[in-house]
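# Based on what follows, work out the 3D shape:
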Amino acid sequence: MTTEELHHSRTTLPETTPGDDPLLRLQEANEPDDSIGTYTTTHPGPITITGITVMCAKCGARRDWLVICDRRNQIFLRCRCTHEWHEPELTRVDFEAMAGEGGQKYPSLDAVIRDTGYDGTLAGTYLPDDWDAGMRG
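Residues are numbered from 1 along each chain as shown. Below is the predicted model of the structure:
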């Protein structure tokens, strides 16, 4: 390889499209392992499986769940009292129906649990579906 060819290959930059930020691509590629492929959503209402309403075995709660879908498409339910279990009757399709579009991105599952109040700080608390419920005159 001649010096001219070597110089030319060093100055060739990869093509980028408008809005493509190489730094953001690098950050996405280096995200912590626990954030890749783990999805969560909150579900304020009751969850019914084969006609039976899901109930927390630890505190008896019947609504207000954190629903977690892991890399293997296994679904876990977490109660505000911190009790969490695998729910084999729920599938990725069920999760997607509960999750809908959009959402907040968190750096880890622990951050989701903490920031949404499923870390035990709100144990025994049911938050209203509509924040201004009862505030209308």
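
# Look up how far residue 113 lies from residue 40.
8 Å (Cβ to Cβ, to the nearest Å). C-beta coordinates here come from the backbone N, C-alpha and C atoms, glycine included.

# what sits in contact with each of those two?
Common neighbours of residue 40 and residue 113 (criterion: Cβ atoms under 8 Å, 6 or more residues apart in numbering): residue 66.

# What segments of the chain are helices?
3-11, 22-29, 92-99, 109-115 (DSSP state H).

# which of those has the lowest average pLDDT?
Set side by side, the helices of the chain differ in mean pLDDT, and helix 3-11 is lowest with a mean of 56.

# Tell me how many other residues surround the closest residue to residue 63 other than its chain neighbours.
Leaving aside its sequence neighbours, residue 63 sits nearest to residue 46 (Cβ to Cβ, 6 or more residues apart in numbering; 4.5 Å). Using other Cβ atoms under 10 Å, residue 46 has 13 other residues around it.

# Relative to residue 94, how far out is residue 55?
For residue 55, the distance to residue 94 equals 17 Å [Cβ to Cβ].

# Next: residue 100.
Between residue 100 and residue 94 the computed distance is 13 Å (Cβ to Cβ).

# From the neighbour counts alone, determine which of these two ranks first.
Set residue 100 next to residue 94 and count neighbours by other Cβ under 10 Å: residue 94 wins out with 16 against 8.

# Around residue 38, how many other residues sit close by?
Neighbours of residue 38 (other Cβ under 10 Å): 16.

# pretty sure it contacts residue 107?
No. If you go by Cβ atoms under 8 Å, residue 38 and residue 107 don't touch, sitting 11.2 Å apart.
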